[in-house]
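Participant: From the sequence below, what's the structure:
(one chain, ligands or ions: 1)
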Amino acid sequence: MDQEEESRNGDSTHNHSHSHNHGLHHVSKKPKLAPLITEPDISAEFSHHQPGVARINNGSFGSCPKSVLAAQREWQLKYLEQPDDFYFNTLRKGILKSRTVIKGLINADDVDEISLVDNATTAAAIVLQQIGRAFAEGKFNQNDTVVMLHCAFQAVKKSIQAYVTRAGGSVVEVQLPFPLISEEEIIKEFKKGLEKGKENGKRIRLAIIDHITSMPCVVIPVGKLVKICREEGVDQVFVDAAHAIGSVKIDVKEIGADFYVSNLHKWFFCPPAVAFLHCRKSNSSPDIHHPVVSHEFGNGLPIESAWIGTRDYSAQLVVPSVLDFVNRFEGGIDGIMERNHEQVLKMGRKLSESWGTNLGSPPEMCAGMVMVGLPSRLKLLSEEDASKLRGHLRVYFGVEVPIHYQASKEDGEGGARDKDGIITGYARISHQVYNTLEDYEKFRNAILRLVEEKKVCKMLLTE
Ligand SMILES: Cc1ncc(COP(=O)(O)O)c(C=O)c1O
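Facilitator: Residues are numbered from 1 along each chain as shown. Coordinates of the predicted model:
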């Protein structure tokens with residue numbers, strides 16, 4: 001067995017004994033012996049990926065295997081065959097089954113705490129609209145605050161503008177130190193942010209905490225931050241865990257937030273687009289609604305979300321099929337997660353060693369993605385440079401990877417350096433089951449070539 005098989009599929013045992021029991025992911029009641037997925041099977045499952053392209057950006061859009069796409073097609077046909085029957089007898093039950101699978105995976109108390117929505121952006125609208133309404137209806141004082149990380153996802157920041165600041169709320173942004181060496185650095189900054197949020201007698205109505213930030217990517221000590229929020233009297237906590245399910249273990253009870261969203265189409269192999277939103281039963285605001293109002297308005301978020309008008313619900317219905325897919329791998333989704341973590345670190349270290357740079361955070365603060373410093377000789381000095389390099393790598397080298405610009409601090413302190421200067425560019429690499437060593441070698445060689453040819457970002461073509 002070669003290294004790559006190990007990376008995709010655990011050890012070489014061709015039998016495994018984990019549960020196929022939907023919704024009871026942690027419990028193995030009836031061990032079944034089924035053949036593990038093989039290398040050719042994995043390649044076949046992802047054979048729709050554009051050949052010759054190094055897709056090392058699973059983090060942005062995820063991936064969906066052929067067997068799950070086939071299951072999705074079956075649901076679509078089932079609906080088209082007999083829509084009345086599907087609507088009255090099948091849809092609601094199917095969605096409940098998917099929600100039940102999720103409940104088992106995230107250790108929720110009750111399936112009624114789980115709604116399926118399109119994506120993390122929709123979940124943010126759900127949570128922020130109820131905050132906006134409370135401002136608009138005078139339940140909150142003007143200038144009461146929302147606290148979040150400065151690198152919160154752009155769509156979430158825009159939603160705050162649209163729903164909260166417009167209605168009179170104010171926002172405090174907590175700087176995420178980067179590169180970083182320990183979670184203490186984040187905790188310290190977060191506490192400062194909460195202090196700021198409470199200045200002049202204001203109340204913090206909502207804290208938004210990413211579980212894994214998008215750019216730069218860092219696994220945030222989310223349980224600890226939620227606890228601090230509780231101690232500091234924050235009303236509600238919303239965890240934006242868009243990248244979490246399938247890349248880190250989730251225990252919503254342990255985390256203890258009011259709202260927790262994760263996309264299922266990023267690291268959990270669902271087709272686009274589906275996410276779960278967990279709303280803790282005991283949360284203080286029952287005024288939670290889907291932004292698209294339809295027949296089920298007022299019947300609770302899970303039911304509201306299960307019918308928001310005529311549309312394709314198949315992505316929400318394939319969750320049990322995804323479980324079947326991941327259970328073909330050694331250790332199921334947990335095994336996939338562990339191997340992705342190990343492999344992305346290994347690949348990240350290889351790249352940083354060959355470029356003479358650094359990794360952006362310690363191993364325990366990474367999941368299936370890691371930030372790798374780019375040689376300072378590329379002179380990546382702005383957001384525009386970052387997007388030029390990204391475009392150039394895609395068009396001229398067939399490498400799909402997001403690039404981050406990290407401004408160096410004015411005092412020059414805290415940033416990482418290579419032999420030529422301060423590192424202000426980072427690549428976010430992902431590892432998913434379909435990736436191979438060649439994908440990362442292709443990326444490594446592309447960067448080495450640009451450096452060798454004395455290219456700097458400004459001069460790079462993108463078409
Ligand atoms: C942290 C974070 N939040 C929210 C989102 C938005 O996800 P979606 O586009 O599926 O709504 C993303 C997507 O990358 C993300 O990384």
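Participant: For the rest of this, base every contact and every neighbour count on C-alpha atoms.
Facilitator: Fine.
Participant: residues contacting D144?
Facilitator: The contact partners of D144, by Cα atoms under 8 Å, 6 or more residues apart in numbering, come to G169, S170, G197, K202, R203, I204, R205.
Participant: quick one: the last one is in a helix?
Facilitator: No. Under DSSP: H, G, I helix; E, B strand; the rest coil, R205 falls outside any helix and is assigned strand.
Participant: How about the contacts made by it?
Facilitator: I131, D144, T145, V146, V234, D235, Q236.
Participant: from these, which is closest to L359?
Facilitator: L359 has its nearest neighbour among the contacts of R205 in V146, at 31.2 Å by Cα to Cα.
Participant: And the pLDDT at the closest one?
Facilitator: The score at V146 is 98. That number is its pLDDT.
Participant: my guess is it is in a helix, correct?
Facilitator: No. Per three-state DSSP, V146 lies outside any helix segment and is strand.
Participant: could you redo the contacts of D144 as JSON lines and give each row pLDDT and distance to the ligand?
Facilitator: Converted to JSON lines, these look like this (pLDDT from 0 to 100; distance: Cα to the nearest ligand atom, whole Å):
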{"residue": "G169", "pLDDT": "97", "distance to the ligand": "21"}
{"residue": "S170", "pLDDT": "97", "distance to the ligand": "20"}
{"residue": "G197", "pLDDT": "97", "distance to the ligand": "22"}
{"residue": "K202", "pLDDT": "97", "distance to the ligand": "27"}
{"residue": "R203", "pLDDT": "98", "distance to the ligand": "25"}
{"residue": "I204", "pLDDT": "98", "distance to the ligand": "21"}
{"residue": "R205", "pLDDT": "97", "distance to the ligand": "20"}
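Participant: Which single one of those residues is nearest to K350?
Facilitator: G197 (41.9 Å).
Participant: Need the contact partners of the helix or strand harbouring K158.
Facilitator: K158 belongs to helix 154-160 when assigned by DSSP states H and E. By Cα under 8 Å, 6+ apart, the surrounding residues in contact with helix 154-160 are T121, A124, A125, L128.
Participant: Could you do stretch 221-235 as well?
Facilitator: Against stretch 221-235 from outside (Cα under 8 Å, 6+ apart): 183, 187, 190-191, 194, 203-207, 209-211, 237, 239, 254-257.
Participant: Of the residues you listed, just the buried ones, PyMOL syntax please.
Facilitator: Buried residues within these, by 16 or more other Cα atoms under 10 Å, are selected in PyMOL with:
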select buried, resi 183+187+190+191+194+203+204+205+206+207+209+210+211+237+239+255+256+257
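Participant: picking that back up, out of the contacts of D144, which two sit at the greatest distance?
Facilitator: Within these, G169 and G197 form the most distant pair, 11.1 Å apart (Cα to Cα).
Participant: what do these two both touch?
Facilitator: Both G169 and G197 are contacted by D144, T145, V146, under the criterion Cα under 8 Å, 6+ apart.
Participant: could you pull out the strands for the stretch 201-350 of the chain?
Facilitator: Along the stretch 201-350 of the chain, the stretches classed as strands by DSSP state E, counting those that start in this stretch are 204-210, 236-240, 259-263, 275-279.
Participant: Same list, those strands, but as TSV with distance to F61 please.
Facilitator: Shown next, in TSV, are the strands of the stretch 201-350 of the chain (distance: least, Cα to Cα, whole Å):
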stretch	distance to F61
strand 204-210	17
strand 236-240	16
strand 259-263	10
strand 275-279	13
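Participant: Doesn't L194 lie inside a helix?
Facilitator: Yes. Membership of L194 in a helix is supported by three-state DSSP.
Participant: Give me the spatial nearest neighbour of it, chain neighbours excluded.
Facilitator: Distance criterion Cα to Cα, 6 or more residues apart in numbering; nearest residue to L194, sequence neighbours excluded, is V147 at 7.0 Å.
Participant: rewinding a little: return the closest of the shared contacts of G169 and G197 with respect to the ligand.
Facilitator: Nearest to the ligand out of the shared contacts of G169 and G197 is V146 (Cα to the nearest ligand atom; 16.3 Å).
Participant: so what's the closest one up against?
Facilitator: Counting by Cα under 8 Å, 6+ apart, V146 touches G169, S170, V171, V172, G197, I204, R205, L206, A207, I208.
Participant: Now render those as TSV, adding distance to A416.
Facilitator: Shown next, in TSV, are the contacts of V146 (distance: Cα to Cα, whole Å):
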residue	distance to A416
G169	37
S170	34
V171	30
V172	27
G197	31
I204	34
R205	36
L206	34
A207	30
I208	28
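Participant: how many other residues sit next to D85?
Facilitator: Look at D85: counted by other Cα atoms under 10 Å, it has 12 neighbours.
Participant: In three-state terms, how would it be classified?
Facilitator: Taking three-state DSSP as the rule, one finds D85 in the helix state.
Participant: per-residue confidence for it?
Facilitator: 98.
Participant: what's the spacing between it and the ligand?
Facilitator: Distance, D85 to the ligand, using Cα to the nearest ligand atom, to the nearest Å: 30 Å.
Participant: sorry, back to before: wait, the residue nearest to L194 sits on V171?
Facilitator: Yes. Applying Cα atoms under 8 Å, one finds V147 in contact with V171, separated by 5.9 Å.
Participant: Need the residues touching each of the two.
Facilitator: Common neighbours of V147 and V171 (Cα under 8 Å, 6+ apart) are G197.
Participant: quick one, which of the two is more surrounded?
Facilitator: Using other Cα under 10 Å as the criterion, V147 and V171 rank with V147 on top: 24 against 21.
Participant: Name all residues that make contact with that one.
Facilitator: V147 sits next to V171, V172, E173, V174, G193, L194, G197, I204, L206, A207, I208 when contact means Cα under 8 Å, 6+ apart.
Participant: again, only using 10 Å
Facilitator: V147 makes contact with 170-174, 190, 193-194, 196-198, 204-209, 234, 237, according to Cα atoms under 10 Å, 6 or more residues apart in numbering.
Participant: Let me see the confidence value for N9.
Facilitator: The score at N9 is 67. That number is its pLDDT.
Participant: The one 4 residues further on too?
Facilitator: With respect to pLDDT, T13 scores 42.
Participant: Since that was my last question, I'll sign off now.
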